[in-house]
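Trainee: Show me how the following folds:
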Amino acid sequence: MSNTTLDSRAIRTAPQSATNDEALRDLVAAMPIVIMYKAARAALVQHRKSIRSALTN
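Mentor: Okay, here's the model as predicted:
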């Protein structure tokens with residue numbers, strides 16, 4: 001039996017609430033990554049704006 005067979009069978013037999021809890025846990029675990037990405041992107045945009053304004057003055 002392969003690992004994928006075991007995994008898919010475990011997912012099919014898992015209670016719906018357990019699957020939802022795992023999905024929610026995964027989303028919460030990814031939140032700091034998304035927050036850091038958005039903060040870095042906003043800082044980069046702000047930096048580009050400041051460079052453009054410095055070049056035009």
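Trainee: So for A54, what's the pLDDT?
Mentor: We have a pLDDT of 87 for A54.
Trainee: for D7, same thing?
Mentor: Listed pLDDT for D7 reads 62.
Trainee: Also the one 10 residues further on?
Mentor: Each residue has a pLDDT score; the one for S17 is 72.
Trainee: Burial check on it, number of neighbours?
Mentor: Neighbourhood size, S17 [other Cβ atoms under 10 Å]: 8. From N, CA and C alone the C-beta is placed, and that goes for glycine too.
Trainee: tell me the secondary structure for it?
Mentor: Look at S17: counting by DSSP: H, G, I helix; E, B strand; the rest coil, its state is helix.
Trainee: low pLDDT regions in the protein?
Mentor: Counting by pLDDT under 70, the chain contains low-confidence ranges at 1-16.
Trainee: where do the helices sit along it?
Mentor: Counting by DSSP state H, the segments of the chain that form helices are 3-13, 16-56.
Trainee: Centre-most residue in this structure?
Mentor: When Cα atoms, centre = their mean is applied to the chain, the residue found nearest the centroid is A30 (3.9 Å).
Trainee: Show the contacting residues for that residue.
Mentor: Listed by Cβ atoms under 8 Å, 6 or more residues apart in numbering, A30 has no contact partners.
Trainee: Using CSV, list the CA coordinates for stretch 41-56.
Mentor: What follows is the C-alpha trace of stretch 41-56 in CSV, where atoms were taken according to Å, rounded to 0.1, in the frame of the first residue of the first chain:
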residue,chain,number,x,y,z
ARG,A,41,5.4,44.8,-0.3
ALA,A,42,4.0,48.0,1.2
ALA,A,43,7.4,49.1,2.4
LEU,A,44,8.9,48.5,-1.1
VAL,A,45,6.1,50.6,-2.7
GLN,A,46,6.7,53.4,-0.2
HIS,A,47,10.4,53.3,-0.8
ARG,A,48,9.8,53.5,-4.6
LYS,A,49,7.5,56.5,-4.1
SER,A,50,10.1,58.3,-2.0
ILE,A,51,12.8,57.6,-4.6
ARG,A,52,10.6,59.0,-7.4
SER,A,53,9.8,62.1,-5.4
ALA,A,54,13.5,62.7,-4.6
LEU,A,55,14.4,62.4,-8.3
THR,A,56,11.7,64.9,-9.4
